[in-house]
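Visitor: got a structure for you, letters missing:
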DNA sequence: CCCTTCGTTCGATGTTCGTGGAACATCGAA
DNA sequence: TTCGATGTTCCACGAACATCGAACGAAGGG
């Protein structure tokens, strides 16, 4: 969990949007995530976040779930997450990232 | 002073080192700065920091001085600078950046 | 005037990054 | 087993980036 990698991970609007989305501490399903990029690109962004140590991924059968590592993050960089979330809300960074209507496990 | 630009500016070790160096609030002369890069590269890094709003540059005759905008930074992103400086110290990010022996105005 | 100093700007180069499409692997369901 | 859904991986492309050396322009000192 290196500083420069974390900063680099947070230097892209879509990734900031994902972090914002996950900032409520709830675990989210991959399929729930909505971003204006191809799924390969979304996979890439999630990998960057995971490699930087910002998120954790759990695999369950054929689908996987993402979770923000708020605790570890706050232990390593006290105040950073709050600062980023605050600024991101003010500028509305990552507003293009959202959730699907269906709350994950729902049939459709 | 946009979030993603600030994060991008802080995603390079040399720039983090410069920020660390300036974090005492003292204004520093360009020539004082020591980094293992060519002067054109150093000029580039200082430009990135300035464009991101992290530093301010004052020109005086033929030489110029750099200063960290700690106040503005802390107003915009409360706690971010402290978090970055703390983590940077722990990991010793930007340790290659230092000061020349001469305290600025000295002849030599 | 020339010459030195200081910092920026200008190509040039190699690398990394964001992006999308296609192929692939995995798993559950029919 | 065959099919469909779900993510990952691979490949390719253009843009952005870090880096350097050289050329440049602005002061200031002989």
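Guide: Right, received. Where do you want to start? Quick caveat: nothing in here was measured; it's all calculated off a predicted structure. Numbering: from 1, shown residues only, chains lettered A, B, ... in the order given.

Visitor: mind checking which helix or strand the spatially closest residue to residue A:3 that is not a sequence neighbour is in?
Guide: Leaving aside its sequence neighbours, residue A:3 sits nearest to residue B:87 (C-beta to C-beta, 6 or more residues apart in numbering or on different chains; 4.5 Å). Backbone N, C-alpha and C define where each C-beta goes, glycine included. Using DSSP states H and E, residue B:87 falls within helix B:80-91.

Visitor: quick one, phi/psi of the residue in chain A that chain B sits nearest to?
Guide: Closest approach between chain A and chain B, counting by C-beta to the nearest C-beta: residue A:79, at 3.2 Å. The phi/psi pair for residue A:79 (degrees, to the nearest 10) reads phi 90, psi -10.

Visitor: need the residues of chain A near chain B, please.
Guide: A:2-5, A:7-8, A:10-13, A:16, A:76-80, A:82-84, A:86-88, A:91, A:93 (C-beta under 8 Å from any C-beta of the partner chain).

Visitor: Show the buried residues in the residues you listed.
Guide: A:3-4, A:7-8, A:10-13, A:16, A:76-77, A:79-80, A:82-84, A:86-88, A:91, A:93 (16 or more other C-beta atoms under 10 Å in any protein chain shown).

Visitor: I'd say the residue nearest to residue A:3 and residue A:78 touch.
Guide: No: if you go by C-beta atoms under 8 Å, residue B:87 and residue A:78 don't touch, sitting 9.0 Å apart.

Visitor: ranges for the strands of chain A?
Guide: A:28-29, A:33-34, A:55-60, A:63-68, A:98-99 (DSSP state E).

Visitor: May I see those strands organised as CSV, with distance to DNA strand C added?
Guide: CSV is the format used below for those (distance: least, C-beta to the nearest atom of the strand, whole Å):
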stretch, distance to DNA strand C
strand A:28-29, 14
strand A:33-34, 13
strand A:55-60, 8
strand A:63-68, 9
strand A:98-99, 15
